[in-house]
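Participant: Everything below, folded, please.
(chains A and B)
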There are 2 protein chains.
Amino acid sequence: MLDLTHYLKTRQKQVNDKLMALFSPIEKKKRLFAAMQHSLMAGGKRIRPILCISAAEAVGACSDDVLTVACAIECIHTYSLIHDDLPSMDNDDLRRGIPTCHKAFDDATAILAGDALLTLAFELLSTEFLSKFHPENGLHVIRLIAHASGPYGMIEGQMQDITAEQHRLTLDELENLHRLKTGALIAASVNTGALLARATDEQSHLLNDYAQKIGLAFQVIDDVLNIKGDPDCLGKAVGTDLVLQKNTYPGLMGLDTAEKKAHQLVESAIESLISFDHRADPLRSIAEYIVQRDR
Amino acid sequence: MLDLTHYLKTRQKQVNDKLMALFSPIEKKKRLFAAMQHSLMAGGKRIRPILCISAAEAVGACSDDVLTVACAIECIHTYSLIHDDLPSMDNDDLRRGIPTCHKAFDDATAILAGDALLTLAFELLSTEFLSKFHPENGLHVIRLIAHASGPYGMIEGQMQDITAEQHRLTLDELENLHRLKTGALIAASVNTGALLARATDEQSHLLNDYAQKIGLAFQVIDDVLNIKGDPDCLGKAVGTDLVLQKNTYPGLMGLDTAEKKAHQLVESAIESLISFDHRADPLRSIAEYIVQRDR
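Facilitator: Next up is the predicted model:
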């Protein structure tokens, strides 16, 4: 049996150490880097980089092989949080229990810190692929990640999320929104791990299946936690979706049905991995963790 | 003799046609793409993509060879303008004679449109490099462009520009600021063209020399135009640097000396190209144009 808590802690430490080492002490004195660092090291769960690592492990690679690439994905995730929190977007003061970037610094600095983390991710990726991996494989990963985080993925999802406030979506529209906003980068994380570990076509297909399902389950639970979560555990306010009249799964289908849906998605995600051996256990446990988490 | 007006028009049309073709008619109906398109097609001079093309031509390549890559650079330049214009940054209402992105749409849309253009640039680059060019060469270009536009280049320059408002910089500090804010992406444009056209080490070195000098000249003239330019020609307000107490070359060294400095830089940039044949004429003419332009 895999001890998931231990596994997550070990991987989180690996990711955190690597992220900490991204900037030199001199750079950290600069306002821009301090702001990037503030949000990057604010105690995130590191779900996306860990999914990238676990997917690579499921196909037989080592965590060290894909660590830098996994950290680049976390940079992209963090940039998206910084920009989403801005006053003209979701206007959040707290994130992961500490002041959001624009609260700790200012709006202009937060915009630039986000821009910088996004751009830095592609510098990290290209540098890593020049020294490791087959260059063509590297270009495929860059395209995969850029596509998932750009106007055909995450950013379009965020745009839809903002414009959908205060008008009611159908379940299909809500699912499409989240497939873009959260699902795309989660799937890209898994698919990147698979690609770098040279998964077969069938393995890639199954891992993508797994990723699509946990991506959706992740968002459903996020909505659930916004209703019944503990703000101290979450490190952010709850009940905000209701105030902002956001479209949510519990809002559209009721709290119980939403929770049931998340559990079904996770079960189905784990079934996708049936042909994988014990090396896919972290992926299986992470899927279960997604519906059991309290933050 | 090269007819620069004709050359620029032809190249601008090439770039504009390619940029127009980036999004399908269906996509353009979406708010996010409409906002991206608004700023992308607002009549920019296309200096950076043209420099990329001209540098490639100077080493014997064709404009078509590097057109997509050149357009990706213009996407990055446009994103930087959208974010710089935001109320929390420079707070500009007009750009290239039309409302800035946040004025035509809103702040949130402008932030996302900028994010989207930046991310799209890396998708365009990776896709292009998977079908054309040696993959390793492609990774070098992605790294070059990401480094120039990220926290070690353009974004750090913008951060310094904001924090430097209302306190006086030395000439060295101002030069460093502009080397980052404007110079880095201009140099990357030239160096990308050279790299893709497989320039020799010596050619690359000379072209980089040229790029550093015109990058600086470009900014000096920008400052000059903010004092004595015609707002109708420029498509934006003049005198704003003075109001915002920005550090400028004319402010530090006087208007005449600043103009003289720009001319000297351009002369020296053209000298860097002495060993190149007539295929470098566009680069030579563009250098002259930089100090003669009125917008």
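Participant: tell me which element the residue nearest to the spatial centre of chain A falls in.
Facilitator: Of all residues in chain A, the one closest to the mean position by C-alpha atoms, centre = their mean is A:Arg48, 4.2 Å from it. Following DSSP states H and E, one finds A:Arg48 within helix A:47-58.
Participant: what about chain A, any weak spots by pLDDT?
Facilitator: Across chain A, the stretches falling below the confidence threshold (pLDDT under 70) are A:166.
Participant: Name the residues of the helix or strand hosting A:Ala187 that are buried.
Facilitator: According to DSSP H and E, A:Ala187 maps onto helix A:184-196. Buried residues in helix A:184-196, counted by 16 or more other C-beta atoms under 10 Å in any protein chain shown: A:184-196. Every C-beta, even on glycine, is put in place using the N, C-alpha and C of the backbone.
Participant: likewise stretch A:202-221?
Facilitator: A:203-204, A:206-221.
Participant: from what I can see the residue nearest to the centre of chain A touches A:Ala184, true?
Facilitator: No. Using C-beta atoms under 8 Å, A:Arg48 is not in contact with A:Ala184, being 11.1 Å away.
Participant: Do you have the helices of the stretch 51-200 of chain A handy? List them.
Facilitator: A:63-85, A:101-104, A:107-131, A:135-149, A:154-164, A:171-178, A:184-196 (DSSP state H, counting those that start in this stretch).
Participant: Longest helix in chain A, please.
Facilitator: helix A:201-228 (DSSP state H).
Participant: so it versus helix A:184-196, what angle?
Facilitator: Helix A:201-228 and helix A:184-196 are oriented at 150 degrees to each other (axes from the mean of the first three to the mean of the last three C-alpha atoms, to 10 degrees).
Participant: Now tabulate the helices of the stretch 51-200 of chain A in CSV and tack on distance to chain B.
Facilitator: Shown next, in CSV, are the helices of the stretch 51-200 of chain A (distance: least, C-beta to the nearest C-beta, whole Å):
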stretch, distance to chain B
helix A:63-85, 6
helix A:101-104, 8
helix A:107-131, 4
helix A:135-149, 4
helix A:154-164, 4
helix A:171-178, 13
helix A:184-196, 11
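Participant: hang on, the earlier thing: the buried residues of stretch A:202-221 also near chain B: which ones?
Facilitator: For chain B, no contacts are drawn from those by C-beta under 8 Å from any C-beta of the partner chain.
Participant: how many other residues sit next to the residue nearest to A:Cys62 when sequence neighbours are not counted?
Facilitator: Sequence neighbours aside, A:Ala56 is the residue nearest to A:Cys62 in space, at 7.7 Å (criterion: C-beta to C-beta, 6 or more residues apart in numbering or on different chains). Neighbours of A:Ala56 under the rule other C-beta atoms under 10 Å in any protein chain shown: 28.
Participant: likewise A:His263?
Facilitator: Neighbours around A:His263, by other C-beta under 10 Å: 16.
Participant: quick revisit: what are the contacting residues of the helix holding A:Arg48?
Facilitator: Identification of contacts with helix A:47-58 by C-beta atoms under 8 Å, 6 or more residues apart in numbering or on different chains yields A:8, A:11-12, A:14-15, A:62-63, A:65-67, A:69-71, A:73-74, A:77, A:185-186, A:189-194, A:196-197, A:203, A:207, A:211, A:214, A:218, A:273, A:276, A:279-280, A:282-283, A:286.
Participant: Okay then, goodbye and thanks.
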